[in-house]
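# after the sequence you'll find the predicted model.
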Amino acid sequence: MIGEETTVRSVGVELGARRYEILIGPGLVREAGRHIAPLAGGARAFIMSDETVAAHHLEPLTDSLARAGLASSAHVLAPGEASKSFGELSRALDWLLEAGANRGDVLVALGGGVIGDLAGLTAALMKRGMAFVQVPTTLLAQVDSSVGGKTAVNTRQGKNLVGAFYQPRLVLADTATLSTLAHRERAAGYAEIVKYGLIGDPEFFDWLEANGAGVMDLDAGLLARAVARSCEAKAQIVARDEREGGLRALLNLGHTFGHALEAANGYGPGLLHGEAVACGMCLAARYSVRAGLMADSEAGRAEDVLARAGLATRLPRLSGGPYDPSALLEHMQQDKKVRGNALPLILMRGIGRAFIQPEADRADLLDFLQAEAAAE
């Protein structure tokens, strides 16, 4: 990582008695034991991870837990979105039950969004709820999926359709772990950082326009600031609307399109979640322009800041394609925000001015997607 950043920043998620801290900084995996031990009260720690992450970070984590007096065991999965399934959920629960885990133990999610979502749902179901800690090791997980308590698995019908709201007790976002990420993984996480500027923070978006290259290059100071600001933005929204009754839906900017793209791709490795969201946010911006809500120049700024990170902003350029417009619309209609027959979308009136459009015109949306699929 470029430069030095030794400060550990703290962001609180204010949920009353269920309040928890997000700690952000380098070296937190190696110090995890002293942060987790007070939550465990001398009980055991169970770790869920994937093969890729475990190769880099499992031993330092288990060593840290041992130094803090916590015995631990690990359940390591294959990497990738395909592991976020009913089958893996069942295997994780069997692992805990066979080990005699109880509600006084702690489940630690060491990995990206797939591991965090799966471990969170496992913890929610285990004897009706055991404590769990998020240790996100991807940029996307550090700024998005590890915070806020959304847990889920995927189904044939769509992404994250079966899950629960279940908050972690602690989030340890070790920025040093990001040095092992490929550029593509960093870009996927950067898309979620840009999202916070587009939703409601135009000053942060301006800052990203000026400093995004440094964030992508893992400049320690710029990276820590970007992660902390993203976590603060999400924490504020989650504290006001934990279960997505209204305001929290804004965090899904680009996700209705993005989840449809992932489903159409079969959740395969050819398309990362952040890549789908980046294209989805650009689709939302251009659809906002089409609806007369947003200036074309503003949509262009959104597209440019993502394109400079190497992210595809147009359907024909997106990996995993080609994408059939009719199939995309069908997947969009499976979105969790759908109520009755109404398909809501998160659109924008400008940079930092996202809002919830309660119902999209399906015929117009299909026409839009057909035009986007045919564009160069």
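Nice, I can see it.
# so which residues of the chain form strands?
In the chain, the strands defined using DSSP state E lie at 9-13, 20-25, 45-50, 72-77, 106-111, 131-136, 150-155, 158-165, 170-174, 345-348, 354-357.
# each with direction, which strands does the fifth one pair with?
If you go by DSSP bridges, strand 106-111 pairs up with strand 45-50 (parallel), strand 131-136 (parallel).
# the longest one too?
Note on strand 158-165: by DSSP bridges, its sheet partners are strand 150-155 (antiparallel).
# picking that back up, tell me which of the strands paired with strand 106-111 is the most buried.
Highest mean neighbour count among the strands paired with strand 106-111 (mean count of other C-beta atoms under 10 Å): strand 131-136, with a mean of 27. Every residue, glycine included, has its C-beta placed from N, CA and C.
# what about the longest helix in this protein?
For the chain, the longest helix by residue count, based on DSSP state H, is helix 220-240.
# in that one, what's buried?
For helix 220-240, burial by neighbour count (16 or more other C-beta atoms under 10 Å) applies to 220-235, 237-239.
# now the angle between strand 9-13 and it, please.
10 degrees (axes from the mean of the first three to the mean of the last three C-alpha atoms, to 10 degrees).
# packing partners of helix 220-240?
strand 9-13, strand 20-25, helix 183-200, helix 202-216 (3 or more C-beta pairs under 8 Å, 6 or more residues apart in numbering; DSSP states H and E).
# so it versus helix 183-200, what angle?
50 degrees.
# return helix 220-240 as PDB; C-alpha atoms alone will do.
Output in PDB follows, covering the C-alpha atoms of helix 220-240 (Å, rounded to 0.1, in the frame of the first residue of the first chain):
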ATOM      1  CA  ALA A 220      -3.300   4.300   2.500                       C
ATOM      2  CA  GLY A 221      -4.600   7.700   3.600                       C
ATOM      3  CA  LEU A 222      -7.000   8.200   0.700                       C
ATOM      4  CA  LEU A 223      -8.200   4.600   1.000                       C
ATOM      5  CA  ALA A 224      -8.900   4.900   4.700                       C
ATOM      6  CA  ARG A 225     -10.800   8.100   4.200                       C
ATOM      7  CA  ALA A 226     -12.900   6.600   1.400                       C
ATOM      8  CA  VAL A 227     -13.800   3.400   3.400                       C
ATOM      9  CA  ALA A 228     -14.600   5.400   6.500                       C
ATOM     10  CA  ARG A 229     -16.800   7.900   4.700                       C
ATOM     11  CA  SER A 230     -18.700   5.100   2.900                       C
ATOM     12  CA  CYS A 231     -19.200   3.300   6.200                       C
ATOM     13  CA  GLU A 232     -20.400   6.500   7.900                       C
ATOM     14  CA  ALA A 233     -22.900   7.100   5.100                       C
ATOM     15  CA  LYS A 234     -24.300   3.500   5.300                       C
ATOM     16  CA  ALA A 235     -24.400   3.500   9.100                       C
ATOM     17  CA  GLN A 236     -26.400   6.700   9.100                       C
ATOM     18  CA  ILE A 237     -29.000   5.200   6.800                       C
ATOM     19  CA  VAL A 238     -29.100   1.900   8.600                       C
ATOM     20  CA  ALA A 239     -29.700   3.600  11.900                       C
ATOM     21  CA  ARG A 240     -32.700   5.400  10.500                       C
END
